[in-house]
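Visitor: Below is the structure, and that's it, no one-letter string:
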């Protein structure tokens, strides 16, 4: 893998990370409702999910999952169901009152961030379809995946971190009265994304 190929990967990864998806919606909703530190904790969970997908890609398991329609459909439905459940939880939580802003990291926030990313079948397709485009089969594949994986994690950390800061700032500006409705909007988006993923096809 040449420096030019690595730079192209970093550029592509940055562009894709900037596009709001389930991961961005989740960390922003956490940051709006609870602040920066819990938002970063959620982002770290998202990154842990990415690390899992890189590990699966390195061992070839991800390709097997995508190639098997049955296994992929099970993963897709489970992931879509979790995203819909999480979105509904945010909707009902927001309906019961404004979220409580807390600077204390919550281990459940990290776990939910991990599940949001691990439950996204599009992320699995991304790693299987896009990652090989930047790998030279004549060079050690494991080392290349490691380099791309570390680069991806660092890029997404800074991108998600920026979203967290913006979300926390928006929550501060909105105040308690608007933070609840904003969180409900985020929950609605997660429900919509989960529904879309349930209908997602790899072909």
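Guide: All right, it came through fine. A quick note: this is a predicted structure, and the numbers were derived from the prediction, not measured.

Visitor: what is the mean pLDDT for stretch 184-202?
Guide: For stretch 184-202, mean pLDDT is 68.

Visitor: Quick check: buried residues in stretch 84-91?
Guide: 84, 86-87, 90-91 (16 or more other C-beta atoms under 10 Å). Any C-beta I mention is one placed from the backbone N, CA and C, and that applies to glycine too.

Visitor: for the residue lying closest to residue 45 once chain neighbours are set aside, what are its contacts?
Guide: Distances taken as C-beta to C-beta, 6 or more residues apart in numbering put residue 113 closest to residue 45, at 2.4 Å, once the chain neighbours are dropped. Going by C-beta atoms under 8 Å, 6 or more residues apart in numbering, residue 113 touches 23, 26-27, 30, 41-46, 48-49.

Visitor: Can you pull up the most central residue in this protein?
Guide: Centrality entry for the chain: nearest residue to the mean C-alpha point is residue 23, 3.0 Å, by C-alpha atoms, centre = their mean.

Visitor: Mind telling me what element it is part of?
Guide: Assessed by DSSP states H and E, residue 23 sits inside helix 22-34.

Visitor: what packs against that helix?
Guide: helix 36-59, helix 69-95, helix 107-118, helix 141-198 (3 or more C-beta pairs under 8 Å, 6 or more residues apart in numbering; DSSP states H and E).

Visitor: one more time with 7 Å, if that's ok
Guide: helix 36-59, helix 107-118, helix 141-198 (3 or more C-beta pairs under 7 Å, 6 or more residues apart in numbering; DSSP states H and E).

Visitor: Quick one: distance of that helix to the chain centre.
Guide: 10 Å (C-alpha atoms, centre = their mean, to the nearest Å).

Visitor: got the helices and strands packed on helix 22-34 as a markdown table, with distance to residue 6 columns?
Guide: Shown next, in a markdown table, are those (distance: least, C-beta to C-beta, whole Å):
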| stretch | distance to residue 6 |
| --- | --- |
| helix 36-59 | 15 |
| helix 107-118 | 23 |
| helix 141-198 | 7 |
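
Visitor: where's the residue lying farthest from the centre of the chain, which helix or strand?
Guide: Here the chain reaches farthest from its C-alpha mean at residue 138, the gap being 31.3 Å by C-alpha atoms, centre = their mean. Here residue 138, judged by DSSP H and E, is contained in no helix and no strand.

Visitor: mind checking how far it is from residue 127?
Guide: To residue 127, residue 138 is 21 Å away according to C-beta to C-beta, to the nearest Å.

Visitor: So residue 54 is in contact with residue 144, correct?
Guide: No - counting by C-beta atoms under 7 Å, residue 54 stays clear of residue 144, with 11.1 Å between them.
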